[in-house]
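> Starting from these lines, generate the structure:
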Amino acid sequence: MIFKIKKLMSKSFRILSLILILFVTLLLLNGIQKETSGEKIFTHEFYKIKAIKLPSNLNLAGERVPIEKKDIRERMDRELLVNTYWQSNGLLLIKRANKYFPILEPLLKKYGLPDDFKFLALAESAFTDETSSAGAAGIWHFMKRTGKEYGLEINKNVDERYHIEKSTKVAAAYLKKSKERFNSWTLAAAAYNAGNYGIHKQLEKQQVTNYYDALLANETERYIFRIIALKEVISNPKKYGFIFDNEDLYTHTKTRVIKVDTVISNITLFAKKFGITYKELKIHNPWLRENKLNNASRKLYEIKIPVR
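Residues are numbered from 1 along each chain as shown. Next up, the predicted model:
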């Protein structure tokens, strides 16, 4: 009798086990089917792509963007959407801005340029030392010809387009000259992209005097709106969904200046004298393009040495 009961219990246990296995299998198959069918469960509750309401006070250096005009509204909306929802790039630019804006802001003030033009530099280079496909270099993206016209030293050994203080001084001179010509900071910024002659030619051809009334090349048309979009997002990061702590942002290393008016035959050995590496010296002095400083003219250079 006991044997029969045990046999019956064993059989019942096996049946229950089979039912449980079948139930779990059905759940897994159902989950796999949903996953492979591309169904997104509850996605709308956790991730939403929202249209952006354009602020009415958007401006560049105090010159208002006329968003009541339909074509202007669409162009501004496009750049604000791109710079809001390209999240990885946006966050990277916010981090870099925290590093370079404190350097640029006093320089812009010193040279009489509106503070908003720090966003032009950001739009130009994203604050990297990479050279563009057209040959523009430095954070202000000067071409060789323009840089030399404004007094920058540019050769294989030294390229002052990568010198943040000197290139900012030149950028200010160029932009202020354009402002005098067009009587508009917005047109001056456009001319920084398309050239003074290019902007003048189009304004004269179309018989207009305002940037927002002119039909320009696509790159130049997007250029101003990109600058303004960067200004809006970086000035109001939380409003556009960028969440971070202060320690997440990049900061600039403190440096001291060493003045040199002689030849440096070996940058690596020169760096070692100050207890730093070749890499560290080049990071803070990207205008030094080789492992030496020729300096046959005995020009006075200022080399930054990071303070540990």
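> which other helices and strands contact the helix or strand containing E302?
In this structure, E302 sits in strand 301-306 according to DSSP states H and E. In this structure, strand 301-306 packs against strand 255-260, helix 278-284, with contacts taken as 3 or more CB pairs under 8 Å, 6 or more residues apart in numbering; DSSP states H and E. Placement of C-beta: from N, CA and C, glycine included.
> As CSV, could you dump the C-alpha coordinates of that strand?
Presented in CSV, the C-alpha positions along strand 301-306 are these (Å, rounded to 0.1, in the frame of the first residue of the first chain):
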residue,chain,number,x,y,z
TYR,A,301,57.9,82.9,-27.3
GLU,A,302,55.8,82.1,-24.2
ILE,A,303,55.6,78.4,-23.4
LYS,A,304,53.1,77.1,-20.9
ILE,A,305,54.2,74.6,-18.3
PRO,A,306,51.5,72.7,-16.4
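> neighbouring strands for that strand, and are they parallel or not?
strand 255-260 (antiparallel) (DSSP bridges).
> Show residues contacting the following helix or strand past the partner strand.
Next in sequence after strand 255-260, counting helices and strands by DSSP H and E, comes helix 267-273. Here helix 267-273 makes contact (CB atoms under 8 Å, 6 or more residues apart in numbering) with 264, 277-278, 280-282, 288, 290-293.
> and helix 267-273, average pLDDT?
Mean per-residue pLDDT for helix 267-273: 98.
> Weed out the non-buried ones from the contacts of helix 267-273.
Neighbour counting by 16 or more other CB atoms under 10 Å classes 264, 280-282, 288, 293 among these as buried.
> Tabulate these in TSV, adding columns for distance to F225 and pLDDT.
Listed next are the buried ones among the contacts of helix 267-273 as TSV, based on distance: CB to CB, whole Å; pLDDT from 0 to 100:
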residue	distance to F225	pLDDT
I264	45	98
E280	38	97
L281	39	98
K282	35	97
L288	36	98
L293	42	98
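> Which stretches in the stretch 51-200 of the chain count as helices?
70-85, 87-110, 117-125, 144-149, 164-182, 185-194, 196-206 (DSSP state H, counting those that start in this stretch).
> Could you export the ones you listed as a markdown table, including mean pLDDT and distance to K231?
Below are these laid out as a markdown table (pLDDT from 0 to 100; distance: least, CB to CB, whole Å):
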| stretch | mean pLDDT | distance to K231 |
| --- | --- | --- |
| helix 70-85 | 96 | 10 |
| helix 87-110 | 97 | 10 |
| helix 117-125 | 97 | 5 |
| helix 144-149 | 96 | 24 |
| helix 164-182 | 97 | 16 |
| helix 185-194 | 97 | 11 |
| helix 196-206 | 97 | 21 |
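> Figure out which of the ones you listed is closest to K299.
helix 164-182 (12.5 Å; CB to CB).
> ok, residues contacting the closest one?
Here helix 164-182 has contacts from 100, 103-104, 107-108, 111-113, 117, 121, 138-140, 142, 146-147, 150-152, 160-161, 185, 187-189, 191-192, 196, 199-200, 203, 287, using CB under 8 Å, 6+ apart.
> which parts of it are buried?
Buried-residue list, helix 164-182, by 16+ other CB under 10 Å: 164, 166-172, 174-175, 178-179, 182.
> Please apply the same query to stretch 258-271.
Quick answer for stretch 258-271 (16+ other CB under 10 Å): 260, 264, 267, 270-271.
> Centre of the chain to the strand holding E302, how far?
Its chain's C-alpha centre and that of strand 301-306 lie 26 Å apart, by CA atoms, centre = their mean, to the nearest Å.
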